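*Asks:* Following is a predicted model, sequence given first.
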Amino acid sequence: MLPSHDRFKYSGIKSRPKFAWPDNKRLAVYIAVNIEHFPYGVQCGVDLDRQTQPWSQRSWLWREYGNRIGEWRLIELFDELKLNVGVIVNTENYEHCPDLIQAHRDRGDEMIAHGRSNAERQIEMDERTEKKMIDEVTASMKKADGKRPQGWLSPYLTPSLVTTDLLVQAGYSYVLDWGICDEQPFWVSSRTKPILAVPYPIELNDQPAIAYRHNSANEYCDMLVENFDEMLRRSADTPLVCAISLHSFIMGQPFRLARLRKALAHILSYRDQVWFTLPGEVARHYRRLPENQQLHP
């Protein structure tokens, strides 16, 4: 038998309990935007068309475009579409560009913890260092936002073997790290009690699509539309979560933003059939379902 994480068992989509989203809707859709900030002069972060070896000023400046320009344009688009989003944010941005974070706060968007900086990867930390970082991030966001974050995504999706245990200990109610393997929420075991995994996309994440696979803006947005259409069809049998992940420095570029507007307009034309929501709301609704409708470890 191969080594296992022992946090949850295999579960095929066809054999699971049936449930429904609010108003008996079958498909939940959320959009998350990633806002990042790196220390200057430190080797970190993928660049659009090359590996950042060694440190690259242009890679740092690409993220800074997202903070100075791209995310503001995305906010305008979300305002235009009357759409709230999840904000997956490094806490370094709270000090670096506080007015940008305040703009999301004023919109009522959900702030989701994403470490201090994507330059720090939890998989490279010992347990004591990681716990200190998680506690610092949690306290910082609670002080700035007036409430503690409920959700966590590890920087660069690189959690350690004990990240799940530490998040439960720190009081988080859901985690996105495990959610890339599913289209429904499910419970994940920890040292003390389970934590809910909420779906999070790899295929519909603009960074791997555009920076790694070199999909064009048209190709990426076609993927959004076709994935949504197919999931809406499939959700008639089984309730699903369609998650879309954007980065301010990627989809905030004008030529991509124009194409994104068209894709989101198509998706939002199904407002009467689809629950447009936030990751935290997905977690809250699922947690309130009867026990026999939830997928337990």
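*Replies:* Received it, and whenever you're ready, just let me know what you need.
*Asks:* Read off the pLDDT value for the spatially closest residue to Gln207 that is not a sequence neighbour.
*Replies:* Leaving aside its chain neighbours, Gln207 sits nearest to His247 (5.3 Å; criterion: CB to CB, 6 or more residues apart in numbering). For glycine as for every other residue, the C-beta is placed from the backbone atoms N, C-alpha and C. On pLDDT, His247 comes in at 96.
*Asks:* my read: His247 touches Asp206, true?
*Replies:* Yes: the criterion here is CB atoms under 8 Å, and His247 meets it with Asp206 at 5.6 Å.
*Asks:* For the helix-or-strand element of the chain with minimal mean pLDDT, which residues meet the burial criterion?
*Replies:* Scoring the helices and strands of the chain by mean pLDDT, DSSP states H and E places helix 57-65 at the bottom, with a mean of 89. With burial defined by 16 or more other CB atoms under 10 Å, the residues of helix 57-65 counted as buried are 59-60, 62-64.
*Asks:* repeat for stretch 20-36
*Replies:* 21, 25-36.
*Asks:* Tell me the one among the residues you listed nearest to Arg68.
*Replies:* For the buried residues of stretch 20-36, the residue nearest Arg68 by CB to CB is Ile35; the value is 11.6 Å.
*Asks:* and that closest one, what does it touch?
*Replies:* With contact set as CB atoms under 8 Å, 6 or more residues apart in numbering, Ile35 has these partners: 66-67, 71, 87-90, 93, 100-101, 248.
*Asks:* same deal with Gln169?
*Replies:* So Gln169 contacts 131, 191-192 (CB under 8 Å, 6+ apart).
*Asks:* And the strands in the stretch 101-250 of the chain, which stretches?
*Replies:* Assignment of strands within the stretch 101-250 of the chain using DSSP state E, counting those that start in this stretch yields the ranges 110-113, 151-152, 174-175, 186-188, 195-197, 240-247.
*Asks:* by contact count, what packs against the second one?
*Replies:* Helices and strands touching strand 151-152, as assessed by 3 or more CB pairs under 8 Å, 6 or more residues apart in numbering; DSSP states H and E, comprise strand 110-113, strand 174-175, helix 279-288.
*Asks:* Note down every partner strand of the shortest one and its orientation.
*Replies:* So the one you mean is strand 174-175. strand 151-152 (parallel), strand 195-197 (parallel) (DSSP bridges).
*Asks:* ok, and what's touching the longest one?
*Replies:* If I follow you right, that is strand 195-197. So strand 195-197 is contacted by 8, 164, 167-168, 172-179, 182, 185-188, 283, 286-287 (CB under 8 Å, 6+ apart).
*Asks:* do stretch 259-272 as well
*Replies:* 29, 31, 77, 80-81, 83, 217-218, 220-222, 224-225, 228, 232, 246, 251, 274, 276.
*Asks:* Okay, and which of the residues you listed map to helices?
*Replies:* In helices, defined here by DSSP state H, the members of the contacts of stretch 259-272 are 77, 80-81, 217-218, 220-222, 224-225, 228, 232, 251.
*Asks:* Let's see if you can find the most crowded of those residues.
*Replies:* Met251 (27 neighbours; other CB atoms under 10 Å).
*Asks:* Any figure for the gap between it and Lys131?
*Replies:* Per CB to CB, to the nearest Å, Met251 is found 33 Å from Lys131.
*Asks:* Not counting residues beside it along the chain, what's closest to Glu130?
*Replies:* Gln122 (5.3 Å).
*Asks:* ugh, typo on my part, it should be Phe78
*Replies:* Val85 (5.8 Å).
*Asks:* Equivalent analysis for Leu27, please.
*Replies:* Ser235 (4.1 Å).
*Asks:* Now stretch 120-134: average pLDDT?
*Replies:* Rounded mean pLDDT across stretch 120-134 is 96.
*Asks:* hang on, the earlier thing: which of the contacts of Gln169 fall in helices?
*Replies:* Per DSSP H, the contacts of Gln169 map to helices at Lys131.
*Asks:* Show me the residue sitting in the middle of this structure in space.
*Replies:* Ala32 (5.1 Å; CA atoms, centre = their mean).
*Asks:* Could you tell me the per-residue confidence at that residue?
*Replies:* 98.
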